[in-house]
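Asks: Prediction below, plus the sequence it came from.
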2 protein chains.
Amino acid sequence: MKLYPVVMAGGSGTRFWPLSRVRRPKQFLPLSSAKPLLLETLARLKGLATPAQTYVVCGPVHAALVRRMARSLPSGNVLVEPVARNTAPAIALASWVIATRDPDAVLAVLPSDHHVADAAGFRAVLQQAAKVARAGDLVTVGIQPTRAESGYGYIRLGAPLGAGVFRVQAFVEKPDPVTAAQYVSSKEYLWNGGIFVFTARAMQEAFARHLPQVAEAMERLAPRIGTRSFAQALARAFPRLPSVSVDYGVMEKARNIAVVRGDFGWSDVGSFAAIPEVRPTDADGNVVVGAATLVLDSAGCVVLGDGRTLAVLGMRDTVVVDAGDAVLVIPKERSQDVRQIVEALRLRRLTRSL
Amino acid sequence: MKLYPVVMAGGSGTRFWPLSRVRRPKQFLPLSSAKPLLLETLARLKGLATPAQTYVVCGPVHAALVRRMARSLPSGNVLVEPVARNTAPAIALASWVIATRDPDAVLAVLPSDHHVADAAGFRAVLQQAAKVARAGDLVTVGIQPTRAESGYGYIRLGAPLGAGVFRVQAFVEKPDPVTAAQYVSSKEYLWNGGIFVFTARAMQEAFARHLPQVAEAMERLAPRIGTRSFAQALARAFPRLPSVSVDYGVMEKARNIAVVRGDFGWSDVGSFAAIPEVRPTDADGNVVVGAATLVLDSAGCVVLGDGRTLAVLGMRDTVVVDAGDAVLVIPKERSQDVRQIVEALRLRRLTRSL
């Protein structure tokens, strides 16, 4: 039973504006290193699966970019969602396509835009999850919390199934900070990092039971997989599918759910405030990027230049980003509010840099 | 006795980097309005003197720029200092050149890079100073202080000579903040704004007495003024003159010094922190410049864009400047430290944007 990584690259966030744009969202940005997060994600799979076994799911706007970036992948392994319908339809698409190729396939669904410090540890956890999945469970990887984060969903652990493997008692929405602190101190919760491992067969059955509309649409499309008419048929069928996450549509409803604990220096790189978690900092805790970026007498800043002269002096905990055609300055603790800027630029029709 | 304004445009500061550059220092920047400070200064003279009576002194690097900007001035009214020798030699040059044209000339030496809110009040004070100067005194205009500023030189008032006119008891160097507060509350001090009004004759005599080396050099050059060989002779003589300010070299030593009080909304536009004194602010005290500059939920900021998208959110009392090829972020209270950045860029050989 071979492992097929499926990298989910359909996201279209605005929290990294002005670096992220409609045509170049977060997963295509070199946020954690000089390489885009998507390529870091693919590089992390080395030793776990061959490029021929590795798939990327993305939107039509980004398909060409993915093929250009991920040259090692066969072109047919870039699966294009005709429209964005959240993660459940995208995972169904991957499950049916890969099952056609290998009925015994084990899939590992992975976000394309997260950071992992310990790639070997990450691969070991995926191997362990694949072993559990081969028995028919839908397996999620739960991340060992390192702080009382209220920005993530949590997984409540149930009965132990083995070393670091548990039944899932519940998927829990983002808690308030007090509840988050309770979750972490109880040691009964892990972070939901959006990593899922399962056999194609088990996921197809779960769709048939919990999202039958999606399963039926995929069954009707299945005979065309690998033929010239598949893309066109998919383009007709996909927009009618419900927009729903795999967490909500499948995982929270299914019974055969297990969780494998993972602790491999994970970050979802959720905003500019997370950059110091994934990039080297100087002695004052500044992240300084750019050949002509100068940061003097400052601390806790994230200063990302694009090669032009960018000078910061006397600042504390401030994000400064020069994207070439647009510049952002915002307190680090307000990094999430970059969205407000994007909204305001739209309202004022300053859309050139969106 | 006609009035000849002499606008001093030889400055080469770095406090407005990245807007100011070696080839385009402060006086050529549109800091107080959409017009460069030099042009605002010239416009302020309308009604006081014709363009034919108006002179600008500048360095050789900027002569072409001055002639291009100040088109209304006769080309010969742009006096070029071959090298920078502070204000005394520059004022001697203007005095001897203008005396050759009009032996009864009254000169008004004016900085090119200051802001005046009340131009009519400014002209009235210069008229009054010219009247005093016609009697043979060297007259300075003392600015009515509006705060205990420790960044300016002060003029200590002596015996009154008329309404708002006094003998000068002393020119005082920049005081510490406590002394500055005492000066202002005593009402015996005015700010030294670098404005001087005098007859060419009186200034020539003052040079002969207090800076004889300068006077002798100018006397030797005088026969060539207006001839083709003047520039070359000046280029040989000028570098040998002492580098000294007119304040130190002449005004502090002479006896016949008077001061006229001026109160016309003056600012020396000393750094980015002074921009809110001379530019309209929004309801939160921000100065926002640029067609695609967006400032949200911020107060007391100076945000100067160049047309590119520049977004600032959640900042307090911060200066953000985009000069096209270089970006600056600095707390407003540290605006003076822009010089440190210029020094650091030099050290790192990032001189492209200097």
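Replies: Received the coordinates, thanks. Keep in mind that this is a model prediction, so the values were computed, not measured.
Asks: what's the distance between residue A:61 and chain B?
Replies: If you measure residue A:61 against chain B using CB to the nearest CB, to the nearest Å, the figure is 21 Å. C-beta: built from backbone N, CA, C; applies to glycine.
Asks: what about that residue, how many neighbours?
Replies: 15 (other CB atoms under 10 Å in any protein chain shown).
Asks: again with residue A:343
Replies: 13.
Asks: Pull up the gap between it and residue B:271, please.
Replies: According to CB to CB, to the nearest Å, residue A:343 and residue B:271 sit 34 Å apart.
Asks: cool, residue A:70 as well?
Replies: In terms of CB to CB, residue A:70 sits 50 Å off from residue B:271.
Asks: if you skip the residues just before and after it, what's nearest to residue A:199?
Replies: Using CB to CB, 6 or more residues apart in numbering or on different chains and skipping the chain neighbours, the partner closest in space to residue A:199 is residue A:106 (5.3 Å).
Asks: got a pLDDT number for the one you found?
Replies: Per-residue confidence (pLDDT) for residue A:106: 98.
Asks: residue contacts, it?
Replies: Residue A:106 makes contact with A:1-4, A:130, A:133-134, A:197-200 under the criterion CB atoms under 8 Å, 6 or more residues apart in numbering or on different chains.
Asks: Could you pick out the buried ones from these?
Replies: Among these, those classed as buried by 16 or more other CB atoms under 10 Å in any protein chain shown are A:3-4, A:130, A:133-134, A:197-200.
Asks: Tell me the one among the contacts of residue A:106 nearest to residue A:265.
Replies: residue A:197 (19.3 Å; CB to CB).
Asks: can you pull the contacts of that closest one?
Replies: Applying CB under 8 Å, 6+ apart, the residues near residue A:197 are A:106-109, A:126, A:129-130, A:132-133, A:139-141, A:260.
Asks: for it, which residues make a bridge with it?
Replies: Beta-bridge pairing for residue A:197 (DSSP bridges): residue A:108, residue A:139.
Asks: residues in contact with stretch A:58-70?
Replies: Residues from elsewhere that reach stretch A:58-70 (CB under 8 Å, 6+ apart): A:9-10, A:12, A:22-25, A:28, A:36, A:38-39, A:42, A:56, A:73, A:75, A:78-84.
Asks: shouldn't residue A:247 be in contact with residue A:155?
Replies: No. Residue A:247 is beyond contact range of residue A:155, at 9.7 Å (criterion: CB atoms under 8 Å).
Asks: more crowded one of these two?
Replies: residue A:155 (28 against 20).
Asks: Please look at that one and residue A:192 and confirm they touch.
Replies: Yes. Between residue A:155 and residue A:192 there is a contact under CB under 8 Å: 5.2 Å.
Asks: Give me the common contacts of these two.
Replies: A:140, A:142, A:171.
Asks: Please tabulate these in a markdown table and include neighbour count, distance to chain B and pLDDT as additional columns.
Replies: Formatted as a markdown table, the shared contacts of residue A:155 and residue A:192 follow (neighbours: other CB atoms under 10 Å in any protein chain shown; distance: CB to the nearest CB, whole Å; pLDDT from 0 to 100):
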| residue | neighbour count | distance to chain B | pLDDT |
| --- | --- | --- | --- |
| A:140 | 27 | 36 | 98 |
| A:142 | 26 | 34 | 98 |
| A:171 | 19 | 33 | 94 |
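Asks: now those in TSV, with distance to residue B:267?
Replies: TSV is the format used below for the shared contacts of residue A:155 and residue A:192 (distance: CB to CB, whole Å):
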residue	distance to residue B:267
A:140	63
A:142	61
A:171	61
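Asks: Stretch A:234-247: which residues count as buried?
Replies: For stretch A:234-247, using 16+ other CB under 10 Å, the buried residues are A:234, A:237-238, A:241, A:244-247.
Asks: nearest to residue B:318, of these?
Replies: Among these, and counting by CB to CB, the member closest to residue B:318 is residue A:245, at 39.2 Å.
Asks: Around chain B, pick out the residues from chain A.
Replies: For chain A, the residues found near chain B under the criterion CB under 8 Å from any CB of the partner chain are A:18, A:292, A:294, A:296, A:305, A:308-315, A:318, A:320, A:322, A:325-331, A:334, A:337-338, A:340-341, A:344-345, A:348, A:350, A:352-353.
Asks: let's see it at 6 Å
Replies: A:292, A:294, A:308-314, A:320, A:322, A:325-331, A:334, A:337, A:341, A:344, A:350, A:353 (CB under 6 Å from any CB of the partner chain).
Asks: Please pick the buried ones from those.
Replies: Buried, going by 16+ other CB under 10 Å: A:292, A:294, A:308-314, A:320, A:322, A:326-331, A:334, A:337, A:341, A:350, A:353, out of the residues of chain A next to chain B.
Asks: Show me the helices in the stretch 201-350 of chain A, by range?
Replies: Assigned by DSSP state H, counting those that start in this stretch, the helices in the stretch 201-350 of chain A fall at A:212-221, A:230-237, A:246, A:275-278, A:338-347.
Asks: who touches stretch A:286-296?
Replies: With contacts defined as CB atoms under 6 Å, 6 or more residues apart in numbering or on different chains, stretch A:286-296 is touched by A:275-276, A:279, A:281, A:298, A:301-305, A:307, A:309-313, B:344, B:350.
Asks: hmm, try it at 7 Å
Replies: With CB atoms under 7 Å, 6 or more residues apart in numbering or on different chains as the test, stretch A:286-296 has contacts from A:275-276, A:279, A:281-282, A:298-313, B:340-341, B:344-345, B:350.
Asks: Over to stretch A:83-96?
Replies: Contacts of stretch A:83-96 (CB under 7 Å, 6+ apart): A:6, A:8, A:10, A:55, A:57, A:59, A:79, A:81, A:107, A:109, A:200, A:203-204, A:207, A:211, A:214, A:218, A:222, A:225, A:238-239, A:241, A:243-246, A:249-250.
Asks: Show me the shaky parts of the stretch 151-300 of chain A.
Replies: Applying pLDDT under 70 to the stretch 151-300 of chain A flags no residue at all.
Asks: how many other residues sit next to residue A:262?
Replies: Residue A:262 has 26 nearby residues by other CB under 10 Å.
Asks: who's in contact with the spatially most central residue of chain A?
Replies: When CA atoms, centre = their mean is applied to chain A, the residue found nearest the centroid is residue A:111 (2.4 Å). Contacts of residue A:111 were listed using CB under 7 Å, 6+ apart, and they are A:8, A:194.
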